[in-house]
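Enquirer: Turn this into a model:
(one chain, ligands or ions: 1)
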Amino acid sequence: MTTTRPWTLLGLLAIAAAAGAALGFAGSPALATQGYATPGQIGLPVPATEVARGINEFYDFVNIIIIAITLFVLGLMIYVMVRFRESKNPVPSKTTHNTLLEVAWTVVPILILVAIAIPSFKLLMLQYTYPKPDVTIKAIGNAWFWEHEYPGTTPGDKTFTVTSNMLSDEEVAEKVKSGIPTPRLLAVDNEILVPVNKVVHMLVTSNDVIHNWTIQSFGSKIDAVPGRLTATWFRPEYEGVFYGQCSELCGMNHAFMPIAVRVVKQETFDQWTAAMKAGDRKKAKEITDRVALDQAGIKSVADAADQQR
Ligand SMILES: [Cu+2]
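Expert: Coordinates of the predicted model:
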């Protein structure tokens, strides 16, 4: 058999893969306006940070390679089954070596792996190079809820802690009635606030077993290990509420310890932290609810659909 035919096939498949890419794999999910996956959504939750955007792009890129390789192998198999079927090819070839082909099937996968490794390492560098923080928060995993500690930034400054428990179905229904879009199994009683376009360092640890602090829209996912401090960082680029879940199997209520981060204007953040430091939880709650309503107004398309559900 000649060695030219597989290459023709590879060329065709490469064109098909490129066409697939142009048709939409590289597109960002325009429908999602909140930081969680909505029913029927294709793709990852909408990215809100540079890292998350990088992850989404990398995911699309690797998917294209996977699809191209799968189609190529499938094509080769179909070609061999048809072209060399017993009726057409009763006396099989005894060929055992083809230098050009052997070099090619070694070199091409190496090149593909290098093409994957370069953007992958770039992304890892971005994820694990921590810019100077504007806000530092300590997340503490508990069986089965999260606590977030905002340490004081100057001597004498107060540290405060936000404890977040998942809302029950009744509480979700009540909140939805009041006009605040509230997803089931993700919304919590006390959201944490962070300022928009600021670098947040999240130091992560646990009080009991290993949990994992994750917000997909931020591209943040890091284990919460008892007795150790791990860290992730994010700089949310727009306002909204972003949900995450514990992502390390930690026990009975593992699925019911969501994380809700609300990204707000710096002044709102300052008001909220001032209220929290003063121990005025009621005022802090009012601020959070007001922002939630404001943000629901801005992002009305998906939210209206949510509320009707
Ligand atoms: Cu957990």
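Enquirer: show me what contacts Pro131?
Expert: Pro131 makes contact with Val199, Trp233, Arg235, according to Cβ atoms under 8 Å, 6 or more residues apart in numbering. Any C-beta I mention is one placed from the backbone N, CA and C, and that applies to glycine too.
Enquirer: What sits closest to the residue most central in space within the chain if chain neighbours are left out?
Expert: For the chain, Gln216 is the residue whose C-alpha lies nearest the centre (Cα atoms, centre = their mean; 2.6 Å). Ranked by Cβ to Cβ, 6 or more residues apart in numbering and with sequence neighbours excluded, the top spatial neighbour of Gln216 is Pro45, at 4.7 Å.
Enquirer: And what about the one you found, helix, strand or coil?
Expert: coil (DSSP: H, G, I helix; E, B strand; the rest coil).
Enquirer: Any idea how many residues pack against it?
Expert: Other residues within reach of Pro45, judged by other Cβ atoms under 10 Å, total 22.
Enquirer: right, and it touches Tyr36 too?
Expert: Yes: look at Pro45 against Tyr36 with Cβ atoms under 8 Å: they come within range, at 5.9 Å.
Enquirer: ok so, going back, tell me how far the residue nearest to the centre of the chain lies from Asp189.
Expert: 21 Å (Cβ to Cβ, to the nearest Å).
Enquirer: Ok, Gly156 next?
Expert: From Gly156 to Asp189 the distance is 30 Å (Cβ to Cβ).
Enquirer: ok, these two, which is more surrounded?
Expert: Asp189 (16 against 5).
Enquirer: Can you tell me, leaving aside adjacent residues, what's nearest to that one?
Expert: Excluding its sequence neighbours, the residue lying closest to Asp189 (Cβ to Cβ, 6+ apart) is Asn165, at 5.2 Å.
Enquirer: what residues does the stretch 201-309 of the chain put near the ion?
Expert: His211, Cys246, Cys250, His254 (Cβ under 5 Å from the ion).
Enquirer: ok, the closest residue to Pro151 other than its chain neighbours - how many residues close by?
Expert: With sequence-adjacent residues excluded and distances taken as Cβ to Cβ, 6+ apart, Pro151 is closest to Thr159, at 4.9 Å. Applying other Cβ under 10 Å, we find 12 residues neighbouring Thr159.
Enquirer: so what's Thr159 up against?
Expert: Contact analysis of Thr159 by Cβ under 8 Å, 6+ apart lists Glu149, Tyr150, Pro151, Gly152.
Enquirer: Sort out for me which of the residues of the stretch 201-309 of the chain next to the ion are in strands.
Expert: The strands, defined by DSSP state E, take in His211 from these.
Enquirer: Of the residues of the stretch 201-309 of the chain next to the ion, which pair is most distant in space?
Expert: Greatest spatial distance among these (Cβ to Cβ): His211 and His254, at 8.2 Å.
Enquirer: For those two, indicate the residue with more neighbours.
Expert: Set His211 next to His254 and count neighbours by other Cβ under 10 Å: His211 wins out with 30 against 17.
Enquirer: That one: what's it in contact with?
Expert: Shown in contact with His211 (Cβ under 8 Å, 6+ apart): Gly141, Asn142, Trp146, Asp223, Ala224, Cys246, Glu248, Cys250, Met257.
Enquirer: Identify the residue nearest it in space, chain neighbours excluded?
Expert: Gly141 (3.1 Å).
Enquirer: Can you list the strands that the helix or strand hosting the one you found pairs with?
Expert: Assigned by DSSP states H and E, Gly141 belongs to strand 135-142. Taking DSSP bridges as the criterion, strand 135-142 sits next to strand 145-150 (antiparallel), strand 200-206 (parallel) in its sheet.
Enquirer: what mean pLDDT would you report for the first one?
Expert: For strand 145-150, the mean per-residue pLDDT is 97.
Enquirer: need the contacts of Pro131 in CSV with secondary structure and pLDDT, can you?
Expert: Output for the contacts of Pro131, formatted as CSV (DSSP: H, G, I helix; E, B strand; the rest coil; pLDDT from 0 to 100):
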residue, secondary structure, pLDDT
Val199, coil, 97
Trp233, strand, 97
Arg235, coil, 97
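Enquirer: closest to the ion among those?
Expert: Distances from the ion to the contacts of Pro131, taken as Cβ to the ion, are shortest for Trp233 (20.9 Å).
Enquirer: who's the closest one bridged to?
Expert: His201.
Enquirer: Can you report how many residues lie near it?
Expert: With other Cβ under 10 Å as criterion, Trp233 counts 24.
Enquirer: residues contacting it?
Expert: So Trp233 contacts Tyr130, Pro131, Pro133, Val199, Val200, His201, Met202, Ser220 (Cβ under 8 Å, 6+ apart).
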